[in-house]
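Chemist: would you be able to build a 3D model of this:
(one chain, ligands or ions: 1)
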Amino acid sequence: MSKNSSIYICQNCGWSSLRWVGQCQGCNNWNTLVEELTEKSKTGKTISSDEKINDFTIPLSQVEAFKSVKPRLSTFIDEFDRVLGGEKFNRGMVDGAVMLIGGEPGIGKSTLLTQVVVSMLAKTSKGKRGNELGKNGKIAYVCGEENPAQVALRINRLKETDYDQDNLIFITSTNVDSVIKAVKKIEPKVVVIDSIQTMTTFDLAGSAGSVGQVRECTERLTGIAKALDVPIFLVGHVTKEGTISGPKVLEHIVDSVLELSGDRTGDLRILRAIKNRFGATDEVGVFRMRDFGFESVSNPSELFLEYADVGVPGSATVCVMEGTRPLLIEIQSLVVSSHLAMPRRVGRGIKLSRIQVLAAVLQKHCNLPLGSHDIFTSVAGGFNVSEPALDLGLAVAIASSLVNMPIKEKAVFIGEVGLLGEIRSVNLLDRRIKEAKRLGFQRIISKKTHSSVKNVLKEFGLLKKF
Ligand SMILES: [Zn+2]
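Modeler: This is a model prediction of the structure:
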């Protein structure tokens, strides 16, 4: 294709230029120009006269997905399938789905995906595992970041040893058009692109990782996914600052965006669906990073409570819903007297506005002098909790730290706290209570047992005169 096949278009105002310029002449913004293909070169065919209307219309009764539920392709990693979506006994990926796995560099995206690949290729001898790909189901792994030797070394570290080695095909090209050609030839059942930032097409002049290249390559790969009905995973790096090098611009092109996060120094990893055309977006998968790779944590509550510091002031256990699963986690709080005119409120994994509201409620209705104290809070395990069900536990943790008294009993606090200090009910309360009981909690504090936050603090000896 000729060099003139691409054009630079301002993402802000639509002004276009044949050459890249730093500042848009239309709106004067900097670095808003992105390379795109010109309309002419997009092989835009006009509708030919012999095209029949039946070629592109279909009655509802004839839609395959309406006639029967198509089985999803399982990865045989429960925590991963859970995030991909589906109903019980039919979880996993959908044919032709394009799934972006985002996360900071070094968080373990490649490790997780190689593990998924090997798990899918595991042989049928292991009971019900394997065979979903069919006898000769191949998986294509595009190595843009590493060479096949490096990926092979990683696979060697995994626990799985009995899998179809011949059906894992590495593609070493980073030219997206060559990759597509190879995929058409190999006809794999799953494709992994590691990473989308290394892919380029010669039709654009920009370098790998530029917004224009990343977007165009993703569009081409999406095209082939839909045409061949093959699911494709795209690895996408997200830097701390967020938008750089692309994944943000891809969110609307792909079907699902899964984010792998966690404390890089710790061993917990959480896979969360941010967007999912084929499933719920509030499901999370929890993994533990071991030397051999990822280990599914099917009972995260137990894991998080292992870390809970029972009997320490400032710690309280809450029960939140992550998707369909109740999770017991620890809330930590540190309250110290402040020398600042505006005392500090810091929250890790908790919305700042919730801390401010609860501090005000505790001050007004329980006479706790929080106006002169700094409050630091965090959710154990690197979770982000935006659920109001966390309120009561958070309030208790703050009060516990302020008066320097631990919660003496093994108790769980579930409830939203209103502006009048009243405890409000939360959805799925019974399921949360059931989970707490399953884990051996006898004392479960909720709207069922107490009407206000003040009553709770009184009962646990956290109301002091100041
Ligand atoms: Zn502009």
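Chemist: what does the helix or strand E219 falls within rub up against?
Modeler: E219 belongs to helix 211-228 when assigned by DSSP states H and E. Here helix 211-228 makes contact (C-beta atoms under 8 Å, 6 or more residues apart in numbering) with 6, 8, 11, 34-37, 96-98, 176-177, 179-180, 183-184, 187, 191, 193, 196-197, 199-201, 203-204, 206-207, 230-232, 234, 245-246, 249-250, 253-254. (Each C-beta comes from the backbone N, C-alpha and C, glycine too.)
Chemist: now, of these, which are buried?
Modeler: Among the contacts of helix 211-228, those scoring as buried are 6, 8, 34-37, 96-98, 176, 179-180, 183, 191, 193, 196-197, 199-201, 203-204, 206, 230-232, 234, 245-246, 249-250, 254 (criterion: 16 or more other C-beta atoms under 10 Å).
Chemist: what are the phi and psi angles of L362?
Modeler: Reported as degrees, to the nearest 10, the phi and psi values for L362 are phi -60, psi -40.
Chemist: K464 versus the closest residue to it other than its chain neighbours, what's the distance?
Modeler: With C-beta to C-beta, 6 or more residues apart in numbering as the criterion, L362 has its nearest non-adjacent residue at 4.6 Å, and that residue is L368. If you measure L368 against K464 using C-beta to C-beta, to the nearest Å, the figure is 8 Å.
Chemist: contacting residues for the closest residue to Q332 other than its chain neighbours?
Modeler: By the measure of C-beta to C-beta, 6+ apart, the closest residue to Q332 outside its immediate chain neighbours is S378, 5.2 Å from it. Residues in contact with S378 (C-beta under 8 Å, 6+ apart) are I331, Q332, G347, R348, G349, I350.
Chemist: the second one sits in which helix or strand?
Modeler: Secondary structure assigned from DSSP H and E places Q332 in strand 325-337.
Chemist: hmm, who's touching the helix or strand immediately after that strand in the chain?
Modeler: Helices and strands here follow DSSP H and E; after strand 325-337, the next one along the chain is strand 345-348. Judged by C-beta under 8 Å, 6+ apart, the contacts made with strand 345-348 from elsewhere in the structure are L352, R354, I355, Q356, A359, D374, I375, F376, T377, S378, V379.
Chemist: residues in contact with the helix or strand where E295 lies?
Modeler: When secondary structure is defined by DSSP H and E, E295 falls within strand 293-296. With contacts defined as C-beta under 8 Å, 6+ apart, strand 293-296 is touched by 77-80, 108, 111-112, 114-115, 154, 157-159, 269, 285-289.
Chemist: of these, which are in range of the ion?
Modeler: Subset of the contacts of strand 293-296 in contact with the ion: empty, counting by C-beta under 5 Å from the ion.
Chemist: for the residue nearest to Q332, give me phi and psi.
Modeler: Note on S378: its backbone torsions stand at phi -150, psi 160 [degrees, to the nearest 10].
Chemist: from the ion, how far out is it?
Modeler: Look at S378 and the ion: by C-beta to the ion, to the nearest Å, they are 42 Å apart.
Chemist: do the same with G212
Modeler: From G212 over to the ion (counting by C-beta to the ion), the distance is 15 Å.
Chemist: grab the nearest non-local neighbour of that residue.
Modeler: The shortest distance from G212 to any non-neighbouring residue, by C-beta to C-beta, 6+ apart, is to E35 (3.2 Å).
Chemist: residue contacts, that neighbour?
Modeler: E35 touches S6, I7, Y8, W20, L204, A205, G206, S210, V211, G212, Q213, E216, counting by C-beta under 8 Å, 6+ apart.
Chemist: which of the residues you listed sits closest to the ion?
Modeler: The closest of those to the ion turns out to be Y8 (C-beta to the ion; 10.6 Å).
Chemist: for stretch 81-88, measure first residue to last.
Modeler: The first residue of stretch 81-88 is 10 Å away from its last residue (C-alpha to C-alpha, to the nearest Å).
Chemist: can you pull the buried residues of that stretch?
Modeler: Taking 16+ other C-beta under 10 Å as the basis for neighbour counts, the residues of stretch 81-88 that come out buried are D81, R82, V83, L84, G85, G86.
Chemist: now the third one. Nearest residue, chain neighbours left out?
Modeler: I take that to be V83. G285 (4.5 Å).
Chemist: now do the contacts for that neighbour.
Modeler: Listed by C-beta under 8 Å, 6+ apart, the contact partners of G285 are E79, F80, R82, V83, I270, L271, R272, S296.
Chemist: let's see it at 6 Å
Modeler: With contact taken as C-beta atoms under 6 Å, 6 or more residues apart in numbering, G285 is in contact with E79, F80, R82, V83, L271.
Chemist: thought S256 was touching G279?
Modeler: No: under the criterion of C-beta atoms under 6 Å, S256 lies out of contact with G279, with a separation of 7.5 Å.
Chemist: circling back: write the ChimeraX selection for whichever of the contacts of strand 293-296 are buried.
Modeler: One line in ChimeraX is enough to select the buried ones among these; burial here means 16+ other C-beta under 10 Å:
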select :77,79,80,108,111,112,114,115,154,158,269,285,286,287,289
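Chemist: thanks a lot, catch you later.
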